[in-house]
Every structure is written in C-alpha cells, then in structure tokens.
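K.L.:
Generate a structure from the sequence data that follows.
(one chain, ligands or ions: 3)
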Amino acid sequence: MKLSKYLNKILDLGINISAKDPRVREDFYRSNLFFSLAAGLLLCILSLIGLLGTDDPLEAGFIVPEINASFVYALIFGVNLVFLILIHKKRRQVPLKISKYGDNLFSVFLESNMLLASLTFFTTEKGSSFFFEYILVTSIIYLVPNSDLWLFLRLACINLISVVIVLNSFHRELAWQDFTDIIFLHIMCGIVNWFRWIAFMQSENQKALLEQKKDEFYGKSRTDELTGLLNRNALREDFDRLVHHTLCVALVDLDSFKQFNDTFGHAYGDDILQFVSHNLRDTFHDQRDQCYRYGGDELLIISTDHNVERFYKKLKQFQKQNYDYKKQEEVHITLSIGYFRGIPNSEKELRALIKIADRYLYQAKSSGKGQIYGSFTETIDMQEFTEQMSILETLKSMDEAAEVFGQRKLLQKDWTLAYLDVNRFAELNAEFGYREGQNILEQISRSILKHFPNAVLVNREVDHFVLFCECPMDHFIKNIREVQIESADLESQLAIVLRAGIYHHNAADAPVDFLTGMYNAKYASDLARDVTKSDKYLLIYDEAMHEERVKESFVHHKFHQALEAGQFVPYYQPIVGSLSGTTCGFEALSRWIDPEKGLISPNDYIPYLEKMNEAYALDLYFLERVCQDVYKHRELFRDGIFVNVNLSQTDFEIVNIPEEIDRIIKKYQVPKDVIQFEITESAFANTKLLHQVVTDLKNRGYKVWMDDFGVGESSLSAFHNYQVQGVKLDQSFFADVTNKRTQIIIRSIVDLSHDTGSMMIAEGIENQDQLWFARQWGINYIQGFYYSRPVPLDELLKSPFAENLTNEHIDYVYQHAADLSLHSAINMQRLHLTVEKPLLYCKAVLELSGELYLLRADDEMVDLLKENIYTENSKLIFRKDAPITAVLKDAMRSLHSTGNITEFPITLAQIRLRGRVSYLTGLPDHSKIIYVLELSDFQMHFIPA
Ligand code: C2E
Ligand code: MG
Ligand code: MG
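P.N.:
Residues are numbered from 1 along each chain as shown. Ligands and ions are numbered 1, 2, ... in the order given. Here you go, the predicted structure:
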C-alpha cells in the first residue's frame, strides 16, 4: 500500500482516497466477489469442456500421463463449483458484511486456482500447446478479480512454485525460453493488474468526490449560507421528525437590526448576524437543539430537551453573550426573545407553536429592547389555535414573499408596497380578548385580499400586514383607503385605525429589494402615527423621509460611543449688551465632532436624541464640560458674565434635572448664577412637570430663560405662569424687521417682558438694521452672527469678546436704558387728531461718556437727527460740529448744575422744535450717564413723558 501511495505521488494519479477507506473496501470486496463469481463460472465451463473432450483419458499421448486428465478437469470443476456456491451465497448477503471470512474466501479461491493451474499440464496432449490451459487459467485468475500488490505476489509465488514442483516431480525439464515465457506472463499480468488497480482506485476517487459534492450540496441546501444555521428549507424537512415530541421553541430577534444596516452598511449588518449566529450555535450545540435562521434577523431554536430550566438558562446565557460586539465600531446588540413549549401533533400545529413563540416575541419587543417573554407551562389548545389562525396562516411568510418578489422580477419594474399596522392592537386585544383580536386580523386580511386580489400579502409580527403588487400608485392608494375604511367599521365599540405606510418604486430608479421596500414603508407607517404629519394615517415614503431616517439611524447607533469618546464639545457664542456693546454672557452650544463626518450641527442630532429620550445624557455631559471650562477660566466668567446652557424638555421626564444640575455645579464649584438654563418655549406648554422643574431650579438659585420665544403655542400663558430671568426672542422675528406689523408685535412682547420683570435676548441678529431695531425696541442682549458665530473655547479666548466684558454695574445701567418705552401715549393719540398736520413728539436715550451717543430712538427722532449723527463700531455718535450736540451738552450740564430739567428750542430738518433732556440713570462716579431726550413741535405746554 505504501508503494502504491508512493507511485501515486510520483505519477500524480490524483488519487486522494485510501484503500482502507471503508467505502473503498466495500467496493473492492463487492467487485472481487462479482468477478470471482465470473471467473469461477469461466473455469467451470473451461473444465467441463475439457472433461467432455477427454474421451480416452489414460492414453499415453499426454505429456504428463502420471495423473489422469479427467481427474484434473473434474478437480478444477469441483473446486470452482464449491467456490461458486460459497461466493454466490456471500454475494446475496444483504446488507453485505465485509468480513475476514469473505476476504479469506476470496484469496483462498484465487490461491486454489493458482495451484490448479499448474495441474493443467496433465491435460495437455502431445502435439498441442503445452501451456495453453495453464496460461488460460492463470490469466483468468490474475486478471478477472482486482487484487492488490501483496496478493498478486502471493499468487505468483504459489503459481510458480507449484509449476516447478509439478514439473520437477515428474522429471520434466522446461526449455529456458519456456521458463522466461512463464515469468514474462506473470510480469505482464502484474502490470495489467496494477493498471486495473489504479483504474479502480481512480473510479473510487471520483465516486468519493461525487459523494462529497452530494453531501455538500445537501448540506448547503439545508444551511443558511450567511449564518451557517439551518435554513427554512431544513425546517420544512425537519417538521416530520419534530412532530409528536415535546418541544421548546424560541424565536430570537435582533433589536433595531435595520438601523445597524442603515448606519454601517449591509456588510456590517451581516457581520453582526454571523456573530450572533455563532454565539447561538455555541450555546445550543447539543444534539437535541436545532437552530434555524427563520427570517432576515429572526433566529429559531427548537429543542427536544425536556429540561426546561436548562433550556431557559441557555436562552438567557445566549442573550447576555451578545451584548457587546466590536469590530470596526462598538455596538450594543440586544436581543428580544419569545419562547413556548408544547407537543405538536402535526406540521400545522408545529407552525402554530412557532406562531405562539412569535406572539411572545412581539410582546417582548413592544415592552422594550432585550426582553424575554414566554411560558413553559401555559397550555394552549393547539388544534383550536390552528383553526383560528387558518386565514392568517394561508398568508405568505416574509421569505415566501421575497421569493415571489424575485420570481416576478420586480427589481427593475414599477411596484408599490404597503405596510399596514393596527394602531394599539395590544390594547384592543386586552380589551376584547385574544379571540376577537384574531377575528379582527382575519377580517382585515379578507378586506385586503378583496381589494388587492393580485397582491402578495404577508402577516408579520401579529398585527402588521405587508402587501405589494404592480398596480398604479393612485389605484393602490385608493384601495388602501377602502381597506382603512372597512377596518374602521369592524368593531362596533371602537374605530380601528389601520396605519399605512406606502413605498413606491419606479422602474427607472436604482433597484430596491423587497426587504428594503418593506422597511421603508414601515418607517412611513410608524411616522403616520402622528396625525398632524400624516394624511389620515397614511404616509408615502419620500426622499426627505429617507434623509431623516439616515440621520436618525446615525445618531441612534453612534451617540453613546461618541459621548464616551468625548466627541461632543461646547462652542460659545457671545451674548452682547445691545446698548453697551460689551460681552454680557455666552450661549454654550454643543457640536458633535465626528472623526469621519466632521462637525455635526445640533439640529441633526438633538431632535433624534429627544425622540430616543437620550437628550438628558448629552445635556448632563455637556453641562459638565461647560463647568470644566468655566472653572478653568474663572477670570472670564465673573462679574455677572453668564453662560447659558440648553435643556431639552424630554430631560425632565427621565431624570431629576435640578438634582443632577446641583451635583455637577457643586462638583466644579461654579457659582450658581453663572450657569443659566435655556428651556425652549414649547416645553412650557407641558405645564405641570415643567412648573415643578422651573420652580425647583429657581428655589435652588438657578436662572431660567425661555428659548425660541414666539414660535411655540404657549407664549402668553408662559409669561403668566412663570417668573423667568428672560426671554429669547426667536430669530424668525428678525427675518423682516421693516415690516410694521412685526415691529408692533415685537414692541409689545418687549414691553410685556419688561413689565413682568424679565429681560430679552434677540437671537439671530445678522446685520446692522436688525441690531438697530433690537436696540430701538429695548431688547437687552444681542446674540447673532453679526457679532460672532458660536466658536470653540480657544478661539473665543483669543477674540475681542473675551476682553470687552461688561460688569454688573454697567449692565444694571443699561438695563434701565433698555427698559424705557419709547412710544408714549401721545404717539397713539396723535392718530386720532383731526388737525391737518399731526403733532410731533419723539424720544431718544442718550449716553454721555466722552462722546455723546444715541443709544435708542424712535423712528421720528432718527429722521430728525440723521444729519447730525454718524455710525462707528455699531454705535451712533453725535457729530461734534453739529449745533444740536452743543445744545444737548449744554442742557445736560445745566441739568447737573441746577438739578432742573431744562427745555430748549431747536430747529432740526427745518422744523422748529422744543427739546427737553432729563436724567435716566448712570454710574455713581458719573463716568457714564444716561439721559432721555424728548423733542416736540407742540405749541401748547409740554406734556411730560
Ligand atoms: P438655540 O438654543 O435657539 O440656539 C441658537 C441657535 O441659533 C444656534 O444654532 C446658533 O448657532 C444659531 N444662531 C445664532 N446666531 C445666529 C444668526 O445670526 N443667524 C442664524 N441663522 N443662526 C444663528 P445651533 O448651534 O445650530 O443650535 C441649534 C439648536 O440646538 C439650539 O437652538 C438649541 O435648541 C439646540 N442645542 C444646541 N446645543 C444643545 C445642547 O447641548 N442641548 C440641548 N438640549 N439643545 C442644544
Ligand atoms: Mg438656546
Ligand atoms: Mg433659541
């Protein structure tokens, strides 16, 4: 054998199979028995012919007359007949047993015939070929059956030795040529034999390869290529084997799997599936457990294990193992599991058993991520259950639907898919019972099938339906409406809402597969929950939705990791005193610096974090980062300089925000009035909770600002209910400042705010006009690109805004200056006067500190003064050479010296006017004094302001 292996190697015969392989041995054995039978038969015939031909056996004409020729023929015949019977018996054995006996029978058969071959010399007549029968018998024995090298050598030895003995014993000498002929015969037979052996082994090799391929093919047809788990095909095959056994069945679903796919791509999603499947196989490696890939991300375990505790323990262990997956990115994988136990008596009941586990899975999924639900003890009448399920059971599974989708070659066609979901089905089930719930689902399916006779319909996750067909979009929508209307009337006591998400694919667009189409429609259907966004619970998936979804999915998967990696950083935007021009505070705005995407704006993550109820995590982390900055740069954040930090309204629902804030502020020893909080106005509509939080924050000494004022619904009631530090007027108000109606509204809001003791910040100030109006109206602070965009701390520290800081005293002075209302009652009265020329009365706020500045003025005043003032560094300054400048300074001086308000005549824009300067406020050291200037063309006595 070693020799043949060696030759095999040298000659590169391509035989990889060993002769000891049981299958090879069996074939070898079988073919030898067959050929031995054939050889035995031939020898019997040969000897019989010989026997008949020897009419005078003892005639002296025989070459070796010592032995009777008839006897030799009879002997050959007899021996081979016995072998024939034994071999035939052996061959008929079913199944064929390879045994020592069989092997021995075969070799004894060959060896005996090799011995007999030498006796054929006795049968040769004088004059005929001396060797003829010897050669015939020897070659039949050599060549008919397969033999290996050792057997061959053995046979050759037996044959040659017996020939020598026979010839020697009767003193016959062979001519040396005859002897070489005999040797040559053996060598020839040996070589041919060897070739036959190779041919045999090659054919065995081929056979083995074919077998292997067949096995592989069979294995493949049962195995899911991606996960290595058994596939649905295998499940179908295994049904027969599984029925009538007590089975534990568990369905596993990867939470938010679609989002993994969307965020990291399908390859990564596949990796995760493989990882989870690998863990599943590791945990359920017992022969009693079978693991299948049931659907896209649904895995099924069917176990015949009677020990339910062991099964449950394995489920828990499996669920735990999958928590962290790290390859390119670390992601948290959670698994929802539903399980059930029962004895199915038919394939249908086994399907029902899986359905029940699916129901539990659905419950698990609806109560959050990573839940496990089920029962090992509950008994459900399976027969009844299957009957109830009947219609729904006839619907296609997701896999089957995908198959039809492929068969119809929809990838390149126009098709429409709807995802339908019964609103609050769990509640409906609880209210009317399981049976009624099923009834409703059946009726809905009937209604769908009635309106869409050509559609493929899938019942998914209990109360969800997926259907697709190639009908035109308008027709499709019309029919969905019909189904919605019919469903609404199914239950007399309450209207059933069937939410619909629709996805339409155009043949001209890039191909979209069934699952993607389904998830798209599902997304639309989930959004359709919001009546304000949907058209009567129907939404069509569009490009905008797609973009939203990609963003949402990104946030969903990357947020925690980004938070841990410190990718959220504070940017600071200065809040500048509208009249002082000095920095009064900053708003800290978060920025997400993603290593790949770069800077991500809060509008692209805050709304999703709020939706996920995760904004609190960011806000608390962010507050901590801001506190660190404030602590580190204590010299900057002093003397009333504040830093505003945003809070999302969802924060309050998750954690005790005031307590958390206190903890962080104390940790960094930041004074309580430095960090102030902005809460968006719309939050103020949620009165009860917000009231508690705002009151608590106030009691703890924090200041709260109402953000984005004017866009929400609560505006005025918020003023009424809350005493806030201030109001941030939404930037949308400044889009068109020249609009008279806008001006009136803003003026009123400012007055309202000042009157209720709040301050105002104007957000989104981008140009000089907006700035001037904000000042005119008395808004205290300005925040906007006009001054600066939000910048990182190091940039801020280098900017003039970190130098030109206000202090509490200055701020106080300017608060007064802003508080003054410029439009007096007289302004209003004027509208009702019937005189030809309306009377003029206008007001301004002036500051004298070195230069004479016009801080605020109404439109009329600006009109009158415009020739006398110029702008420098966003400030309006009186020209030194303008006569009014001297007049005003004189009036101010006289006011100081006498303490009396002085009036003066003045002509501006060719109008003769009376002016009056009065004192408003100022710093105690007189380095800054704020005055009010009033001008009028009243001829009568001046009406005081
Ligand atoms: P917000 O609190 O109203 O912040 C003001 C927004 O207006 C900022 O947008 C700011 O960059 C922008 N802005 C400032 N001046 C101008 C201007 O002159 N023109 C224009 N067009 N925009 C201006 P940003 O930083 O993109 O923030 C958007 C919103 O995201 C913020 O609105 C705030 O509600 C929210 N936000 C930002 N950071 C956080 C945070 O850490 N936590 C929470 N809960 N929300 C945050
Ligand atoms: Mg804000
Ligand atoms: Mg705002």
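K.L.:
quick one: which helix or strand includes the residue of the stretch 101-250 of the chain found nearest ligand 2?
P.N.:
In the stretch 101-250 of the chain, the residue found nearest to ligand 2 is Leu226; the distance is 47.0 Å by C-beta to the ion. Yep, even glycine has a C-beta here, placed from its N, CA and C like the rest. Per DSSP states H and E: Leu226 is located in neither a helix nor a strand.
K.L.:
hang on, it packs against Asp270?
P.N.:
Yes. Here Leu226 reaches Asp270: they are 5.9 Å apart, a contact under C-beta atoms under 8 Å.
K.L.:
give the contact list for the residue nearest to Leu805 when sequence neighbours are not counted.
P.N.:
Spatial nearest neighbour of Leu805, excluding adjacent residues (C-beta to C-beta, 6 or more residues apart in numbering): Thr583 at 5.1 Å. The contact partners of Thr583, by C-beta atoms under 8 Å, 6 or more residues apart in numbering, come to 574-577, 641, 801-802, 804-806.
K.L.:
Thr583 and ligand 2, how far apart?
P.N.:
For Thr583, the distance to ligand 2 equals 17 Å [C-beta to the ion, to the nearest Å].
K.L.:
Look up the residues forming beta bridges with the residue of the stretch 301-450 of the chain found nearest ligand 1.
P.N.:
Going by C-beta to the nearest ligand atom, ligand 1 is nearest to His332 of the stretch 301-450 of the chain, at 22.7 Å. Counting by DSSP bridges, His332 is bridged to Asp324.
K.L.:
How confident was the prediction at it?
P.N.:
Note on His332: pLDDT of 78.
K.L.:
And for Leu579?
P.N.:
We have a pLDDT of 93 for Leu579.
K.L.:
any idea what it is structurally, helix, strand or coil?
P.N.:
Secondary structure, DSSP: H, G, I helix; E, B strand; the rest coil: Leu579 is coil.
K.L.:
Help me confirm that it comes into contact with Arg856.
P.N.:
Yes. Judged on C-beta under 8 Å, Leu579 makes contact with Arg856 at a distance of 7.1 Å.
K.L.:
Can you pull the residues that touch both of those two?
P.N.:
775, 817-818, 845.
K.L.:
which intervals of the stretch 51-200 of the chain have sub-threshold pLDDT?
P.N.:
Scanning the stretch 51-200 of the chain with the threshold set as pLDDT under 70 gives 54-68, 94-103, 122-130, 171-174.
K.L.:
let's see 80
P.N.:
51-72, 91-105, 119-133, 143-149, 167-179 (pLDDT under 80).
K.L.:
near ligand 2, which residues of it?
P.N.:
On the criterion C-beta under 5 Å from the ion, ligand 2 has no neighbours in the stretch 51-200 of the chain.
K.L.:
which residues of the stretch 51-200 of the chain fall in helices?
P.N.:
With DSSP state H, counting those that start in this stretch as the criterion, the stretch 51-200 of the chain has helices at 69-91, 100-119, 132-143, 149-169, 176-222.
K.L.:
Out of those helices, which gets nearest to ligand 3?
P.N.:
Nearest of these (C-beta to the ion): helix 176-222, 60.0 Å.
K.L.:
Now do that closest one: which elements does it pack against?
P.N.:
Applying 3 or more C-beta pairs under 8 Å, 6 or more residues apart in numbering; DSSP states H and E, we find helix 176-222 packed against helix 22-53, helix 132-143, helix 149-169, helix 232-242.
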